[in-house]
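>>> Here is my input; please provide its structure:
(chains A and B)
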Number of protein chains: 2
Amino acid sequence: MKILKIALIVLLSFHFGMAQSNQPAIVEDFEPAISNQLGSEFPQVNSEGRVRVQISAPDANYVQLDIGGVKYDLVKDDDGVWTGESEPQDVGFHYYQLNIDGASVPDPGSRFFFGACRYGSGIEVPSDDMDIFANKNVPHGHVHEVYFPSESTGVSRRAFVYTPPCYQKETTSNYPVLYLQHGYCENETSWPKQGRANFIMDNLIAEGKAKPFIIVMTYGMINDVEFGRIMDFDINPFQTVLIDELIPYVDANFRTVSNQSHRAMAGLSMGAFETRLVTLNRPDVFSSYALFSGGIYAPEELKEHDNLKLVFLSCGSKERPERIATAVKTLKENGYNAVSYVSEGTAHEFHTWRRSLHQLAPLLFNDLD
Amino acid sequence: MKILKIALIVLLSFHFGMAQSNQPAIVEDFEPAISNQLGSEFPQVNSEGRVRVQISAPDANYVQLDIGGVKYDLVKDDDGVWTGESEPQDVGFHYYQLNIDGASVPDPGSRFFFGACRYGSGIEVPSDDMDIFANKNVPHGHVHEVYFPSESTGVSRRAFVYTPPCYQKETTSNYPVLYLQHGYCENETSWPKQGRANFIMDNLIAEGKAKPFIIVMTYGMINDVEFGRIMDFDINPFQTVLIDELIPYVDANFRTVSNQSHRAMAGLSMGAFETRLVTLNRPDVFSSYALFSGGIYAPEELKEHDNLKLVFLSCGSKERPERIATAVKTLKENGYNAVSYVSEGTAHEFHTWRRSLHQLAPLLFNDLD
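Residues are numbered from 1 along each chain as shown, chains lettered A, B, ... in the order given. Sure thing, here's the model as predicted:
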């Protein structure tokens, strides 16, 4: 009997050992994410890009981390604290939430960002190039929160306007403007918050790599459009707000150079789709067009586009990079100044778009005095 | 047996009826709060100021609304959706959270505000004077998010700077400045977000009731100080940031009038305590002092304060209004221009402080050209 017991224990140990060795080893170098609330120890990220969350929920039946479309079960300790981690995530920024007994809630340890159609939790998975958007000891521009009158929608609408560091001091200079759109289920806070557009610009300008220019970011979801039905989108309401209301407001309230050659438009995902439609409808307004993870231009679409200076197409290497490479090749063969950029190791996510802005900015307005 | 059963049912019904009639009747005129996320039906508030929350948590054992230091049990329906409401709350803005099986989490239906030492849920309970901070169809100033260099703390520090509507257009005018501090466990976002300082100013200026001036809001918790041990607070680190770093930055980057008579300081709660200390230490820097729900000045403290133009003391009627009335009376008897203000029906909460700013602003800088 004793021998049988020992045999069983050995067998179980072996089995358990086997099971364990099938689990991926987790590298125990987790650190609090830089996207956390001040002083929050969790969520954490390790060098593999795994996200570890922790929450006290002594009376819960189960708690899960819900990130990247997958739910990961957490484990409860004797104090009622639940802990668990995800598979490795791509570098960059990801929206996530917790699931407590079926309730989808924000993680109180994270700061909150607008994405996935709501203000909720987000996490920064460190990348080798985080430096491009770090808050460094360089001169900083301002991000102005502005409310502009909009007759077409009947309300004061919000925009964020980045002015470069020199703007407040060189008070007789006027600047070119980039109009920069967020994606589906994001809003006007997405580029200045998780997109860190202001820090990307501050750092580029400090290094002398980009000309100082203004960036204007506003809400682009004037129409309801279901996810997956983007082709049904009616661009007119947003185009009216942008062209007939926001641009005149910006030109009246900021020291801009108010003409086509000093105006660019860019957007990510649905914002790229909007950029494409607006620039095709109104070739007189913008002189540089950039689509991040959202569409291409064909040469024949750009025929009447006088003074078109730049077409910029980008996406993540985990999207369909061959599509933009082909499009840019075709555009170049037809005499257009077209540039493609592929973000290595990322998908349809904000790090792809931060990198895209970082690549685009040095190309904008650099032919101007 | 049957008769006994019926008797029992009658008795229980009567008892239940009694119990019900002891419950306060709830007025069923709930509406989504204006502080909600776009499109969120919950939380809601009724005309009594009750807050009703709702969340789907099919597998939870219990869910509570945690507001104003009290936890209220929610009730689950057949679909696993929990609903419940609080006792009536004071008008104005309140921080709250949900408790799901012991986990304290933000309510996903609310927008997020920094207070109670974290970004979390907040709710606006309607008041008769909400109009003072509404986003109206009037000219709007800008709220600039700025990062200023701080040698003393070794980092780029953040501030929000409100510039009045005329600032962007009258580009040769210079403006006076109010330095405005948040309270304990709030931060530099608290005044522009839940405080709605920009809308209060936009509306006052549009009505011709306040002179246009700049407002600067930065983080004041440079020292760790435990709640309740405010008297141990060392003002020096913050005073250095404010006087030696932030003011020079603002004067260099905004069109200010850079002298004592064009500079005021105000704060709420701990920010009032800081305002008191800084203004007493440095009578050369500010000419108007305002304490919202946090302390008083005695006449003998202000003896060397040349060119002191205004002392403003306020609090909620549910705080200790007699204290500020007495202090202001004494100041007046000693020849100071002192003003008191009591916010009716509110306590140590943001609506008290919005109303205080609304009362203070028309008194500031109105002796200047």
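
>>> who touches the one residue in the stretch 201-350 of chain A that gets nearest to chain B in this structure?
Proximity of the stretch 201-350 of chain A to chain B (CB to the nearest CB) peaks at residue A:253, 4.3 Å away. All C-beta spots, glycine's among them, are computed from the backbone N, C-alpha and C. Residue A:253 makes contacts with A:146, B:142, B:168-169, as judged by CB atoms under 8 Å, 6 or more residues apart in numbering or on different chains.

>>> Now which of the residues you listed would you call buried?
A:146, B:142, B:168 (16 or more other CB atoms under 10 Å in any protein chain shown).

>>> Name the nearest residue to the last one, sequence neighbours excluded.
Think residue B:168. residue A:253 (4.3 Å; CB to CB, 6 or more residues apart in numbering or on different chains).

>>> Residue A:313 now?
Per CB to CB, 6+ apart, closest to residue A:313 is residue A:324, 4.1 Å.

>>> helices and strands around the host helix or strand of the one you found, which ones?
In this structure, residue A:324 is located in helix A:321-333 according to DSSP states H and E. Applying 3 or more CB pairs under 8 Å, 6 or more residues apart in numbering or on different chains; DSSP states H and E, we find helix A:321-333 packed against strand A:310-316, strand A:338-343.

>>> Could you look up the next helix or strand downstream of the shortest one?
Tracing the chain C-terminally past strand A:338-343 and defining elements by DSSP H and E, one meets helix A:350-360 next.

>>> interface residues of the stretch 251-369 of chain A facing chain B?
The stretch 251-369 of chain A comes close to chain B at residues A:252-254, as judged by CB under 8 Å from any CB of the partner chain.

>>> Poorly predicted segments of chain A, please.
Along chain A, segments meeting pLDDT under 70 span A:1-23, A:227, A:369.

>>> Could you chop it up by domain?
Here the domain parsing of chain A from automatic domain parsing is A:26-126, A:131-363.

>>> Among those domains, which comes closest to residue B:272?
Of all the domains of chain A, domain A:26-126 sits nearest to residue B:272, with 22.6 Å by CB to CB.

>>> thought residue A:181 was touching residue A:216?
No. Between residue A:181 and residue A:216 there is no contact under CB atoms under 8 Å: 9.7 Å.

>>> Contact partners for residue A:274?
Counted by CB under 8 Å, 6+ apart, residue A:274 has contacts A:181, A:220, A:233, A:235, A:238, A:267.

>>> In strands, which of the residues you listed appear?
Among the contacts of residue A:274, the ones falling in strands (DSSP state E) are A:181, A:267.

>>> Please name the bridge partners of residue A:340.
Taking DSSP bridges as the rule, residue A:340 bridges to residue A:313.

>>> Roughly how far does it sit from residue A:78?
55 Å (CB to CB, to the nearest Å).

>>> between those two, which one's more packed in?
Taking neighbours as other CB atoms under 10 Å in any protein chain shown, residue A:340 and residue A:78 compare with residue A:340 leading, 21 against 6.

>>> gap between the more buried one and residue A:157?
Distance from residue A:340 to residue A:157, by CB to CB: 33 Å.

>>> what's the answer for residue A:48, then?
Applying CB to CB to residue A:48 and residue A:157 gives a distance of 42 Å.

>>> show me the contacts for residue A:298.
A:327, A:330.

>>> Need the phi and psi values for it.
Backbone torsions of residue A:298, given as degrees, to the nearest 10, read phi -100, psi 150.

>>> Equivalent analysis for residue A:253, please.
phi -110, psi -10.

>>> Find the nearest non-adjacent residue to residue A:190, please.
Among residues not flanking residue A:190 along the chain, residue A:182 sits closest, at 4.2 Å (CB to CB, 6+ apart).

>>> same question but for residue A:220, I mixed them up
In space, residue A:220 is closest to residue A:181, 4.8 Å off (CB to CB, 6+ apart).

>>> so the one you found bridges to which residues?
Assessed by DSSP bridges, residue A:181 has beta-bridge partners residue A:267.

>>> residue contacts, it?
So residue A:181 contacts A:217-218, A:220, A:265-268, A:270-272, A:274-275 (CB under 8 Å, 6+ apart).

>>> any chance you could map the helices in the stretch 51-200 of chain A?
Here the stretch 51-200 of chain A has its helices, by DSSP state H, counting those that start in this stretch, at A:197-206.

>>> Let's have the contacts of residue A:274 in CSV, adding distance to residue A:293.
Output for the contacts of residue A:274, formatted as CSV (distance: CB to CB, whole Å):
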residue, distance to residue A:293
A:181, 12
A:220, 15
A:233, 16
A:235, 18
A:238, 19
A:267, 9
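
>>> and the residue lying closest to residue A:237 once chain neighbours are set aside, how many neighbours?
Nearest-residue entry for residue A:237: residue A:222, 4.1 Å, with adjacent residues in sequence omitted and distances by CB to CB, 6+ apart. Residue A:222: 22 surrounding residues under other CB under 10 Å.
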